[in-house]
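Asker: here is a sequence together with a model predicted from it:
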Amino acid sequence: MPGSLKCEAVVLRSMRFGEADRILHLYTPDRGRVSAIAKGVRRAKSRFGGRLEPYFRLRLVLYQGRSELLTVTAAETLHGYPRLREHAGALDGAARACDAVGRVFDDGDPHRGVYNLLANQLALLDADPARATRANALAFRVKLLLAAGFAPQLAACASCGESDHLAGFSGAAGGVVCSACEASAFALGQEAHDFLVGALGRPLAEAPEAPPRALAQAERAILETLEHHAHLRLRPVG
Ligand SMILES: [Zn+2]
């Protein structure tokens, strides 16, 4: 039914469309990922100014007509994260976070926790662009898995329940596996295991650090979990 909807949103992507319009991919707290068109936004006198750009957090009024595509009728900036935009590493971190959210969740699959996590990540990168580390990017992804309901089992073997001799990780089994069950697994060392547990359990701002080898193993665990549950492959965090 046609009508207007007020919501907060983070701009995940912004694509040129037609002569002067943009198509936006947005993530909202109550509707999850939605797409909207902003008409005339690329004209010099557009009332939207430059705020319908990636990584802006906005308060929007969206008109829903008969089509799936919503229309932006009003936009107010809640946060533009200007410092993040001056730092290549932080900008890349923001791009990867928004890309991951846009790909892990389909339209009409709302998770308020994901919206809060994404806003938190953008605020952290803006407050201190030097936080844009590989460990931060991986901690964000681990928390995204948790919000999506795909968090890997880390406390006991995901195949047999054994809590000792946890030596590997299997995306197919859904978490860590013991030495007796590791046929389809890859080796996951103690430091990588500790990193995943810490990243899941602590706030993003207090996510743990780990040596490169452990982060590589943690990244593989996240990739295999997403491949197994969501059949998608995210860009490496670099
Ligand atoms: Zn086992």
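Answerer: Nice, I can see it. Residues are numbered from 1 along each chain as shown.
Asker: ok, now which ones touch the residue in the chain sticking out farthest from the centre?
Answerer: Within the chain, the residue lying farthest from the chain centre (CA atoms, centre = their mean) is A180, at 34.1 Å. Residues near A180 by CB atoms under 8 Å, 6 or more residues apart in numbering: 160, 162, 165. To be clear about C-beta, it is placed using only N, CA and C from the backbone, and glycine gets the same treatment.
Asker: now do the SS call for it.
Answerer: What DSSP: H, G, I helix; E, B strand; the rest coil gives for A180 is coil.
Asker: what about the helices in the chain?
Answerer: Using DSSP state H, the helices found in the chain span residues 88-104, 112-127, 134-148, 190-201, 212-230.
Asker: hey, which of those is tucked in deepest?
Answerer: When the helices of the chain are scored by mean count of other CB atoms under 10 Å, the highest mean neighbour count falls to helix 134-148 (a mean of 23).
Asker: distance between that helix and the chain's centre?
Answerer: Helix 134-148 sits 7 Å away from the centroid of its parent chain (CA atoms, centre = their mean, to the nearest Å).
Asker: tilt between that helix and helix 212-230?
Answerer: Angle of helix 134-148 versus helix 212-230, following axes from the mean of the first three to the mean of the last three CA atoms, to 10 degrees, is 20 degrees.
Asker: what pLDDT does the residue positioned nearest the centre of the chain get?
Answerer: In the chain, the residue lying closest to the centroid (CA atoms, centre = their mean) is V101, at 3.6 Å. pLDDT, V101: 95.
Asker: ok, now the one 3 residues further on?
Answerer: The predicted local confidence for V104 comes out at a pLDDT of 91.
Asker: what sits against it?
Answerer: 144, 148, 226, 230, 232, 234.
Asker: including pLDDT, could these go into a markdown table?
Answerer: Below are the contacts of V104 laid out as a markdown table (pLDDT from 0 to 100):
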| residue | pLDDT |
| --- | --- |
| L144 | 95 |
| A148 | 88 |
| L226 | 92 |
| A230 | 83 |
| L232 | 85 |
| L234 | 84 |
